[in-house]
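Asker: Give the three-dimensional model of this entry:
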Amino acid sequence: MIVVKNNNVGKSARKVRQVCDLIRNRKVEDAIKILRFSDKKEIAILLTKLVNSGLQIASDSEKYDLDNLIIGEIKVDEGPTLKRIQPRAQGRAFKIRKRSSYVTVALKEA
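Answerer: Coordinates of the predicted model:
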């Protein structure tokens, strides 16, 4: 099993999970095709890079058959939230929460 992580995603975990649910338990080449035509382009590009990184690790180790790799586990956790303040009328202030997430992709052979 090959595990690839990205702990610096500047998108909320909920938005990233929507794209991850599309590719969970699919063959790697099918997952890349789905991500290519996904509506959420920035997240799709990020996940494509993660999957390609896992494929590169698999091809370097020469223990895995690249045609039989599937996305076994894809997990999105909440990262730290940056708290900001938006000034509003009459001295009020609104909180802005800039959320981030941790993405973990595990590739395994079918």
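
Asker: and P87, how many neighbours?
Answerer: Residues lying near P87 (other C-beta atoms under 10 Å) number 8. Placement of C-beta: from N, CA and C, glycine included.

Asker: same question, N25
Answerer: Neighbours of N25 (other C-beta under 10 Å): 11.

Asker: did I read that right, it in a helix?
Answerer: No: using DSSP: H, G, I helix; E, B strand; the rest coil, the assignment for N25 is coil, not a helix.

Asker: Next, V105: phi, psi?
Answerer: Torsion angles at V105 (phi, psi; degrees, to the nearest 10) stand at phi -120, psi 130.

Asker: Quickly list what it is bridged to.
Answerer: V105 has the following beta-bridge partners by DSSP bridges: V4, I74.

Asker: Likewise for Q86?
Answerer: In this entry, Q86 is beta-bridged to F94, by DSSP bridges.

Asker: Now N7: closest residue in space that isn't a chain neighbour?
Answerer: Y102 (4.8 Å; C-beta to C-beta, 6 or more residues apart in numbering).

Asker: which stretch of helix or strand covers D21?
Answerer: Per DSSP states H and E, D21 falls inside helix 13-23.

Asker: At which residues are the helices of the protein located?
Answerer: For the chain, applying DSSP state H gives helices covering 13-23, 28-36, 41-61.

Asker: Lovely, talk soon.
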